[in-house]
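Peer 1: Sequence and computational prediction follow.
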Amino acid sequence: MSTAPVHAATGFSLERFLQQTLDALGLALTAHQQRQLIEYTALLQRWNRVFNLTAVRDVEGMARLHLADCLAALPAFQRLAPRRLLDVGSGGGLPGIVLAIGLPETDIHLVDTVQKKCAFLQQTCGSLQLKQVQVHHARVEALTDPAGFDCITSRAFSDLPLLVNSTAHLLAPAGQWCAMKGRPPADEIAALGDAVLSRIEPLHVPGLDAQRCLVWLQRAAR
């Protein structure tokens, strides 16, 4: 028997929406991974009532505006197959928790400056048994990691120059940044100068009539 939330007034089924979204994106996730995504969305809504993790309050809104948005980016991260990934300003776990579910072999680190958000992330990782995830309550500028990260991503962090400047010490020599954006941020890319190479990857989010893209960045060869 399904335990996925069903909105009584609208008849919205998270389980059905998730399956339709995965089909539209060509994503093959196991039944276990799908259950993790459903449980994560339920946890996000439950904790949001007290901790204000997102301005979106209802399950349907969270599914359409947050879950589907992050799932649309998942195929690109699966192709990259990073060994170690850092999500900066992870907040409610978007995209970090979704990526952790979709990339079970990747060592994933989530960093946020807000303690209550880190508490939610810790609880969620425990509930979903995401043993490859580490949560850091810290400013990313102060974070240290000698091994470096193959990929540094962000969905809610500030502009691209700030992202690059505050995390450059954490990026592995051949690593890449991947920022989730709406419209391609031409001004932000221009502000990076010649030291950083950029590539725009358009995204289609099923059921969402809005522009989305990934901005891939890497250090230019010297």
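Peer 2: Everything's here; your move. Everything numeric in this text was worked out from a predicted model, so none of it was measured.
Peer 1: Name the secondary structure element that contains the closest residue to Gly89 other than its chain neighbours.
Peer 2: Computed as Cβ to Cβ, 6 or more residues apart in numbering, the closest residue to Gly89 that is not its neighbour in sequence is Phe157, at 4.0 Å. Backbone N, C-alpha and C define where each C-beta goes, glycine included. Assigned by DSSP states H and E, Phe157 falls within no helix or strand.
Peer 1: What distance do you get for Phe157 to Leu130?
Peer 2: Phe157 sits 21 Å away from Leu130, taking Cβ to Cβ, to the nearest Å as the criterion.
Peer 1: Repeat that for Arg183.
Peer 2: Note on Arg183: its distance to Leu130, by Cβ to Cβ, is 32 Å.
Peer 1: If you count surrounding residues, which of the two has more?
Peer 2: Using other Cβ atoms under 10 Å as the criterion, Arg183 and Leu130 rank with Leu130 on top: 22 against 10.
Peer 1: hmm, back to that, just confirm the residue nearest to Gly89 contacts Leu86, I think it does.
Peer 2: No: shown here, Phe157 and Leu86 do not form a contact pair, counting by Cβ atoms under 8 Å, at 11.0 Å.
Peer 1: More neighbours: which of the two?
Peer 2: Neighbour count, other Cβ under 10 Å: between Phe157 and Leu86, Leu86 has more, with 29 against 22.
Peer 1: Under a three-state scheme, what state does that one occupy?
Peer 2: Secondary structure assignment for Leu86 (DSSP: H, G, I helix; E, B strand; the rest coil): strand.
Peer 1: beta partners for it?
Peer 2: On the basis of DSSP bridges, Leu86 takes part in beta bridges with His109, Ile152.
Peer 1: Contact partners for it?
Peer 2: By Cβ atoms under 8 Å, 6 or more residues apart in numbering, the contact set of Leu86 is Ile108, His109, Leu110, Val111, Asp145, Phe149, Cys151, Ile152, Thr153, Thr167, Leu170.
Peer 1: and the last one, how many residues sit next to it?
Peer 2: In this case it means Leu170. Count around Leu170 with other Cβ under 10 Å applied: 22.
Peer 1: Can I get the helix of greatest length in the chain in PDB, CA atoms only?
Peer 2: When the chain is parsed with DSSP state H, its longest helix is helix 31-51. Extracted in PDB, the C-alpha atoms of helix 31-51 (Å, rounded to 0.1, in the frame of the first residue of the first chain):
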ATOM      1  CA  ALA A  31      12.000   1.600  -6.100                       C
ATOM      2  CA  HIS A  32      14.200   2.300  -3.100                       C
ATOM      3  CA  GLN A  33      15.400   5.600  -4.500                       C
ATOM      4  CA  GLN A  34      11.900   6.600  -5.400                       C
ATOM      5  CA  ARG A  35      10.800   5.900  -1.800                       C
ATOM      6  CA  GLN A  36      13.700   8.000  -0.500                       C
ATOM      7  CA  LEU A  37      12.600  10.900  -2.700                       C
ATOM      8  CA  ILE A  38       9.000  10.600  -1.500                       C
ATOM      9  CA  GLU A  39      10.100  10.400   2.200                       C
ATOM     10  CA  TYR A  40      12.500  13.400   1.700                       C
ATOM     11  CA  THR A  41       9.600  15.500   0.300                       C
ATOM     12  CA  ALA A  42       7.500  14.600   3.300                       C
ATOM     13  CA  LEU A  43      10.300  15.400   5.700                       C
ATOM     14  CA  LEU A  44      10.800  18.800   4.000                       C
ATOM     15  CA  GLN A  45       7.200  19.700   4.400                       C
ATOM     16  CA  ARG A  46       7.000  18.500   8.000                       C
ATOM     17  CA  TRP A  47      10.100  20.400   9.100                       C
ATOM     18  CA  ASN A  48       9.200  23.400   7.100                       C
ATOM     19  CA  ARG A  49       6.200  24.100   9.300                       C
ATOM     20  CA  VAL A  50       8.700  25.000  12.200                       C
ATOM     21  CA  PHE A  51      12.000  25.800  10.500                       C
END
